[in-house]
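**Student:** With the input below, show me the fold.
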Amino acid sequence: MNAPKFTTLGCRLNAYETEAMKELSQQAGLRDAVIVNTCAVTAEAVRKARQEIRKLRRENPDARLIVTGCAAQTEPQTFSQMDEVDAVIGNTEKMQPETWKGMTADFIGETEAVQVDDIMSVTETAGHLIDGFGTRSRAYVQVQNGCDHRCTFCIIPYGRGNSRSVPAGVVVDQIKRLVDRGYNEVVLTGVDLTSWGADLPTQPKLGDLVMRILKLVPDLPRLRISSIDSIEVDDNLMHAIATEPRLMPHLHLSLQHGDDLILKRMKRRHLRDDAIRFTEEARKLRPEMTFGADIIAGFPTESGAHFENSLKLITECDLTWLHVFPYSKREGTPAARIPQQVNGNVIKDRAARLRAAGGAQVTKHLQAQIGKTHHILMENPHMGRTEQFSEVTFDAPQTEGQVVTAKISGTNATQLKA
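**Tutor:** Residues are numbered from 1 along each chain as shown. The predicted structure is shown next:
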């Protein structure tokens, strides 16, 4: 009998939850199973999930094939109707021990083939919290799940439910255990990270959590924040950016567009000037701060002028690491009802232009690091990352998981050299 095989598609949070599922399935004694943890962020992500399922079935003809994750939550019938699939379980169910105990039984008559409940009724984060996951160098800690906002293009709230926060004390205890196990960097993750605390007593903010972690875990060398919504950044987080060198000077911003009209049609909560103002203020407090961003190309009704405003925002905010998404119609979202006035080839072209602009920004950033000394967290013997998340290569092997101080001697297209 073989241990279950897991395939993870999509975000860091999915990867985190896969680690939890590995532990839960192991405790339940599940064997000879293949589990696919899907993503629903775009129609392409769902197509890739179906493709992966068919491939895994060919490779594992006798295994039980279980599908879970956001696409399973939002489109359970899509996967339950696939001949290759034995069971579909939702995002809540996948984190519950009893689900995995049930999966060890014969599916026929003993376990429902589709276990997907209404995720909007969930009010707690997963009861099963693992001590982070990652390589030997950095660990990811889930502090929040779900989203209360309803951006018109986004299916994720229907896959993740409303926002739920992990209490600060639980987070701090987790991070203490990670530091005791030798991790030198911890990354806080969530679906809508800046909404952390809104559902907790006294409604603390993300900045309060960051300051508490840095105060109560003094041996943690590096704390990193994943994607945030800049309009929801609180005063304490700005204070941490200004005063806490252990908080890494790199933020990934959920911007999505650079034109005010499109931002309103997306039902975003910020305007382009808000994004520019935030990046300027953060850089005044921490001059070495770098920013990544999510940007969507080809949202319905996006004109050439609207697109140019997104293109200009890259330099106006001095963005470095871009995640560019060609707009993808998601059934069930308000944007899917807006007539698409941008054809597919134009969308591809605009996405390519955004990526090219992002590439130029990366080159500029890397060139500016030559001659500077950085503290680099080694991900493997020959590659690590700076505080700003730039990759650095070493000819001589270094100790994986350690923070190495080195002077930058050069660069190639995407990496620094030390």
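
**Student:** Phi first, then psi, for residue 348.
**Tutor:** Here is the backbone geometry of residue 348 (degrees, to the nearest 10): phi -60, psi -40.

**Student:** do you know how far the nearest residue to it once chain neighbours are set aside is from residue 359?
**Tutor:** For residue 348, ignoring the flanking residues on the chain, the nearest one in space by CB to CB, 6 or more residues apart in numbering is residue 326 at 6.3 Å. Where you see a C-beta, it was placed from the backbone N, CA and C, and this is true even at glycine. Distance check for residue 326 against residue 359: by CB to CB, to the nearest Å, it reads 17 Å.

**Student:** what's the answer for residue 275, then?
**Tutor:** The gap separating residue 275 from residue 359 is 20 Å, by CB to CB.

**Student:** Compare the two and say which one has the larger neighbour count.
**Tutor:** Neighbour tally, residue 275 and residue 359, criterion other CB atoms under 10 Å: the higher count belongs to residue 275, 25 against 13.

**Student:** Any stretches of the chain with poor pLDDT?
**Tutor:** Low-confidence segments of the chain, defined by pLDDT under 70, span residues 1, 105-136.

**Student:** Run the chain-centre distance for stretch 343-357.
**Tutor:** Between the centre of stretch 343-357 and the centre of its chain there are 23 Å (CA atoms, centre = their mean, to the nearest Å).

**Student:** buried ones in it?
**Tutor:** By 16 or more other CB atoms under 10 Å, the buried positions in stretch 343-357 come out as 347, 349-351, 353-354, 357.

**Student:** Residue 285: which of those is nearest?
**Tutor:** Distance to residue 285 across these (CB to CB) is lowest for residue 357, with 25.8 Å.

**Student:** what packs against whichever strand or helix holds the closest one?
**Tutor:** In this structure, residue 357 sits in helix 344-369 according to DSSP states H and E. In terms of contact count using 3 or more CB pairs under 8 Å, 6 or more residues apart in numbering; DSSP states H and E, helix 344-369 is assigned the packing partners strand 290-297, helix 304-316, strand 319-326, strand 410-411.

**Student:** Next one: residue 82 from residue 91, what distance?
**Tutor:** Using CB to CB, which is the criterion applied here, residue 82 is 19 Å from residue 91.

**Student:** which one of the two has more residues nearby?
**Tutor:** Set side by side, residue 82 and residue 91 give different neighbour counts by other CB under 10 Å, the larger being at residue 91 (28 against 17).

**Student:** The more buried one reaches residue 157, doesn't it?
**Tutor:** No - counting by CB atoms under 8 Å, residue 157 is not a contact partner of residue 91; they are 11.4 Å apart.

**Student:** Mind listing what's buried along the helix or strand containing residue 78?
**Tutor:** Assigned by DSSP H and E, residue 78 belongs to helix 76-80. Taking 16+ other CB under 10 Å as the neighbour-count basis, helix 76-80 is seen to contain the buried residues 76, 78-80.

**Student:** Then stretch 90-110?
**Tutor:** Neighbour counts using 16+ other CB under 10 Å place 90-96, 99-103 of stretch 90-110 among the buried residues.

**Student:** Export these as JSON lines, with columns for distance to residue 170 and secondary structure.
**Tutor:** Written out in JSON lines, the entries for those read as follows (distance: CB to CB, whole Å; DSSP: H, G, I helix; E, B strand; the rest coil):
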{"residue": "90", "distance to residue 170": "23", "secondary structure": "coil"}
{"residue": "91", "distance to residue 170": "20", "secondary structure": "coil"}
{"residue": "92", "distance to residue 170": "18", "secondary structure": "coil"}
{"residue": "93", "distance to residue 170": "22", "secondary structure": "helix"}
{"residue": "94", "distance to residue 170": "20", "secondary structure": "helix"}
{"residue": "95", "distance to residue 170": "15", "secondary structure": "helix"}
{"residue": "96", "distance to residue 170": "18", "secondary structure": "coil"}
{"residue": "99", "distance to residue 170": "22", "secondary structure": "helix"}
{"residue": "100", "distance to residue 170": "22", "secondary structure": "helix"}
{"residue": "101", "distance to residue 170": "24", "secondary structure": "helix"}
{"residue": "102", "distance to residue 170": "27", "secondary structure": "helix"}
{"residue": "103", "distance to residue 170": "27", "secondary structure": "helix"}
